[in-house]
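>>> pasting the structure only:
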């Protein structure tokens, strides 16, 4: 590991240079033990990564969750709504709303299943495939490349492995 | 690093044993490149950790965000709403709603600032301090201890350091 030991988060920096600070004296707050909590650290890092993702794919107007859905549909054509939503851990009402959005932009389509008339099969449209291809390029060239540069390839792989362990085994 | 290299996430496991599967054949979906995206891996790990946190502090009915607020108030008494919200990266409307909830349960109080009459200073109540002390014990004994066991202390420290790097420098 070439990375330095966990340093306490600089609260002044976390609060963001663009945000309005109160008029009174404003020395950075102490995070104390909070910075040692994995859940807190994960959430802060995840928010930063999602912000950067949104910036990188801004021309295509895709959220990280929408990107995940398109990726999954591309890799698994002909699966139904329940399967896609369950795999991504997205709650049904949220997923239905997201599909409505993607469908209205002609990025995916719901087709009634011939096996089970109550079930809908999801497919990418041609436009959806084209947008996904552009998004993947932007994400790789801007977002993931910068993360790779920040962490180094070995640390990035180690981080990914630990996150997968938590997702699978915790 | 004693942790094994990033293994692809088992989609069947990710979708959760308690969730309802469709009646049709249901082989696990392929995540493909998605499992190599840090944002996706972070979000999945964060959701797992938050679920476990909620279970561990269920007797006290605290969310991870509420816990963070109580921790920060305890460490930084007499700071105003804006400072606390900014430090935690919580949007103002969400933060006001959260404070309403904490105040109605008598865990914290808003006091009008003597320096700036428009500003509110936040303090923990005695009950808030007692609930926080119990929450910290539950989190340490159940939640963080299990994470430590899963990852090992060295990996846990390395993970925390990388997440802090992302939160600060990305």
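In hand now; what should we look at? Just so we're clear, the structure is a prediction, and the values are computed from it rather than from any experiment.

>>> hmm, who's touching stretch A:121-140?
Contacts of stretch A:121-140 with the rest of the structure, by Cβ atoms under 8 Å, 6 or more residues apart in numbering or on different chains, involve A:53, A:56-57, A:59-60, A:62, A:67, A:70-71, A:73-74, A:77-81, A:84, A:99, A:102, A:105-113, B:33, B:37. Backbone N, C-alpha and C define where each C-beta goes, glycine included.

>>> one more time with 7 Å, if that's ok
A:56-57, A:60, A:62, A:67, A:70-71, A:73-74, A:77-81, A:84, A:106-111, A:113 (Cβ atoms under 7 Å, 6 or more residues apart in numbering or on different chains).

>>> If we go by neighbour counts, what in that stretch is buried?
Buried residues in stretch A:121-140, defined by neighbour count with 16 or more other Cβ atoms under 10 Å in any protein chain shown: A:121, A:122, A:124, A:125, A:128, A:131, A:132, A:135, A:136, A:138, A:139.

>>> how about low-confidence regions in chain A?
Along chain A, segments meeting pLDDT under 70 span A:1-26.

>>> And the strands in it?
A:108-112, A:120-124 (DSSP state E).

>>> Serialize those to CSV and add fields for distance to residue A:170.
Shown next, in CSV, are those (distance: least, Cβ to Cβ, whole Å):
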stretch, distance to residue A:170
strand A:108-112, 32
strand A:120-124, 29
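
>>> of all those strands, which lies closest to residue B:146?
strand A:120-124 (36.1 Å; Cβ to Cβ).

>>> starting at the chain centroid, how far to the closest one?
In terms of Cα atoms, centre = their mean, to the nearest Å, the centre of strand A:120-124 is found 22 Å from the chain centre.

>>> now, the most widely separated pair of the buried residues of stretch A:121-140?
Using Cβ to Cβ, the buried residues of stretch A:121-140 span at most 28.3 Å, a distance reached by A:121 and A:138.

>>> Derive a ChimeraX selection command for the buried subset of the contacts of stretch A:121-140.
The ChimeraX selection below is limited to those of those classed as buried (16+ other Cβ under 10 Å):
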select /A:56,57,62,67,70,71,73,74,79,80,81,84,107,108,109,110,113
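
>>> Which ones among the contacts of stretch A:121-140 lie within helices?
Among the contacts of stretch A:121-140, DSSP state H puts A:56, A:67, A:70, A:71, A:73, A:74, A:81, A:84 in helices.

>>> Next up, the contacts around residue A:113.
Going by Cβ under 7 Å, 6+ apart, residue A:113 touches A:80, A:119, A:120, A:121.

>>> who touches the closest residue to the third one other than its chain neighbours in this structure?
Okay, so that is residue A:120. What sits nearest to residue A:120 in space, not counting adjacent residues and going by Cβ to Cβ, 6 or more residues apart in numbering or on different chains, is residue A:110, at 4.3 Å. By Cβ under 7 Å, 6+ apart, residue A:110 lies in contact with A:99, A:103, A:120, A:122.

>>> Quick check: the first one vs residue A:150, distance?
Meaning residue A:99. According to Cβ to Cβ, to the nearest Å, residue A:99 and residue A:150 sit 34 Å apart.

>>> Comparing these two, which shows the higher neighbour count?
A direct count of neighbours by other Cβ atoms under 10 Å in any protein chain shown for residue A:99 and residue A:150 places residue A:99 higher, at 22 against 15.

>>> filter the ones in helices among the contacts of stretch A:121-140 by proximity to chain B?
Counting by Cβ under 7 Å from any Cβ of the partner chain, residue A:71 from those sit close to chain B.
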